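**Q** show me how the following folds:
(one chain, ligands or ions: 1)
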Amino acid sequence: MKHAISFLAEFFRNRRLTGSIIPSSRFLAQALAEPMSRCRARKQVLEIGPGTGPVTVKIAEFLRPGDRFVMVEANPAFCEILRTLCRTTLAPRMEGVEVEIHCSLLEEVETRAGFDFAVSGLPLNNFPVAVVRRILQAIERLLGPDGTLSYFEYLGMRPLLGRLRMLTRGNPWPIRSSKVLDRFLDRHQVVEQRVLLNLPPAIVRHIRAPHAEEVPPRG
Ligand SMILES: C[S@@+](CC[C@H](N)C(=O)[O-])C[C@H]1O[C@@H](n2cnc3c(N)ncnc32)[C@H](O)[C@@H]1O
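**A** Here you go, the predicted model:
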């Protein structure tokens, strides 16, 4: 509850970056962490935009000693919540795990690449096209060759943007960003999953690591 209030407060402080008024449900967290739940090998996991940590808690269930877990969160207030979470509730799960919390934009983070799993909570549909492109490039740089990216968007958002694209003669940035994402998904999406038990309902997308030359072209 305390975290839900912090989240709402941060939404009013910075709507575009926060992208939602409440944290994700445990059902959405479960769907996002699903690919790593089947991994028995040592793994490196990147969480992008963990916020107050609802997905972090689920990821922690699948961490084993010897794994590496890196969180990248742009909002300093959320970084403080994450640090406390890792020191308290999640401490037993983090034993023997190499943990890093970077209070930074993903596009600017400096950390060792080669992640097997990246889980993103970033509200990509909220961002201008240049930012979406930079974020996708950063993910491509950080994922290992067999890595998987899992991220979500709110259900109905993509068709809505598609319809707006047909109705508007101009080309406002949310629509251009959506086109960049459409192209990215056409090339790399492996599977998608609807999660109705979330406010609002969401769709989770699992994506294969793109090769460098396949990062969305300009335009
Ligand atoms: C929609 S919230 C998701 C929070 C949490 N993962 C959840 O599911 O409840 C998006 C989060 O991404 C963070 N964020 C937005 N842009 C970011 C960026 N470029 N790099 C890192 N974090 C970012 C925001 O501060 C916010 O915590």
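
**Q** what's the mean pLDDT across the longest helix along the chain?
**A** Ordering each helix of the chain by length in residues (DSSP state H) puts helix 173-188 first. For helix 173-188, the mean pLDDT works out to 77.

**Q** helices or strands next to that helix in the packing?
**A** Helix 173-188 sits against helix 129-142, helix 157-167, strand 202-208, with contacts defined as 3 or more Cβ pairs under 8 Å, 6 or more residues apart in numbering; DSSP states H and E. For the C-beta atoms, the positions are set from N, CA and C on the backbone; glycine is no exception.

**Q** and Ala118, which of the three is it?
**A** Under DSSP: H, G, I helix; E, B strand; the rest coil, Ala118 falls in the strand class.

**Q** brain fart, Ala60
**A** Here Ala60 is helix, with the state taken from three-state DSSP.

**Q** what stretches of this protein score poorly on pLDDT?
**A** 1, 161-176, 210-219 (pLDDT under 70).

**Q** what's in contact with stretch 33-42?
**A** Residues outside stretch 33-42 that contact it (Cβ atoms under 8 Å, 6 or more residues apart in numbering) are 43, 45, 55, 58-59, 61-62, 64, 66-67, 116-117, 119, 148, 150, 193, 204, 206.

**Q** number of residues surrounding Gly96?
**A** Residues lying near Gly96 (other Cβ atoms under 10 Å) number 10.

**Q** give me the distance between the residue nearest in space to the middle of the chain and the ligand.
**A** The C-alpha lying nearest the average C-alpha coordinate of the chain belongs to Ser120 (Cα atoms, centre = their mean; 0.9 Å). As judged by Cβ to the nearest ligand atom, to the nearest Å, Ser120 and the ligand stand 8 Å apart.

**Q** residues touching that residue, list them.
**A** Counting by Cβ under 8 Å, 6+ apart, the residues that Ser120 touches are 47-49, 139, 149-151.

**Q** repeat that for Arg68.
**A** Residues near Arg68 by Cβ under 8 Å, 6+ apart: 43-45, 97-100.

**Q** returning to that earlier point: mind listing which of the contacts of Ser120 are in strands?
**A** Using DSSP state E, the members of the contacts of Ser120 that fall in strands are 47-48, 149-151.

**Q** isn't Glu10 up against Thr18?
**A** Yes - Glu10 is within contact range of Thr18, at 5.1 Å (criterion: Cβ atoms under 8 Å).

**Q** so for these two, which residues contact both of them?
**A** Contact with both Glu10 and Thr18 is made by residues Asn75, according to Cβ under 8 Å, 6+ apart.

**Q** how about Ala91, phi and psi?
**A** phi -50, psi -50 (degrees, to the nearest 10).
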